[in-house]
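>>> Pasting the sequence and the predicted model now:
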Amino acid sequence: MRAILLAVLCAALVSGGDLSNRRAPGFALPDPNYDHFYDLQDYRGKVVLIDIMSTTCPHCLLLATTLETIKQKYGGKVQILSVVLPPDNQDTVRKFVSTNKITIPVVCDMGQMTISYFNAKPGQAHIEVPHLFLIDRDGVIRDDWAYTDKNRPVFEGPGLNPAIDKLLK
């Protein structure tokens, strides 16, 4: 009974956000060392999770832990990228990755990619983090979640798994 209740709760959380059901904007973003660029086109045919985050955000750290668990569970079936914006920089990303033993790629955006994902308009200067985008194998954003109390299981627990499982079927 408890498992059924958890599944119903998780399914209720897994619904398209305001930024879903459209083609995911393309991008090519560097890692902090500029050793590698991550291009969304490289992941065609895979489910992709994009995490817009900040290295100083406590909820982002909790999400990073959740994403590490997702990476272990799904392996190469799901590509995960965390994206940071200024004022984060090479040093803050390196420290965050090292201190928290993050293995998920963290890439640096100067704003263009994030603006396109949030459909930002002039005057919309503030973007709340963390924010997750779930992209299907065809490159369409199927779900997105802002961090709220209602969405906590998505960011801090197994609430993301039903949405991923649905896209992997």
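That came through fine.
>>> Flag every buried residue along stretch 95-115.
96-97, 102, 104-109, 113-115 (16 or more other Cβ atoms under 10 Å). No exception for glycine: its C-beta is placed from N, CA and C like everyone else's.
>>> So for it, mean pLDDT?
Averaging pLDDT along stretch 95-115 yields 94.
>>> Identify the residue nearest the most centrally placed residue in the chain in space, chain neighbours excluded?
Geometric centre of the chain, nearest residue: residue 51, 2.3 Å, by Cα atoms, centre = their mean. Distances taken as Cβ to Cβ, 6 or more residues apart in numbering put residue 82 closest to residue 51, at 4.4 Å, once the chain neighbours are dropped.
>>> Would you check that the one you found makes contact with residue 55?
No - using Cβ atoms under 8 Å as the test, residue 82 is too far from residue 55 to be in contact (9.5 Å).
>>> Name the spans of this protein whose pLDDT lies under the cut-off.
The model of the chain has pLDDT under 70 over residues 1-17, 124-126.
>>> which residue ranges form the helices in it?
2-13, 58-74, 90-100, 112-117, 152-156, 161-168 (DSSP state H).
>>> Distance across stretch 133-151, terminal residue to terminal residue?
End-to-end distance of stretch 133-151 (Cα to Cα, to the nearest Å): 13 Å.
>>> Contacts for that stretch next, please.
The contact list for stretch 133-151 (Cβ atoms under 8 Å, 6 or more residues apart in numbering) reads 13-24, 40, 44-50, 52, 59, 63, 117, 128-132, 154-155, 159-160, 163-164, 167.
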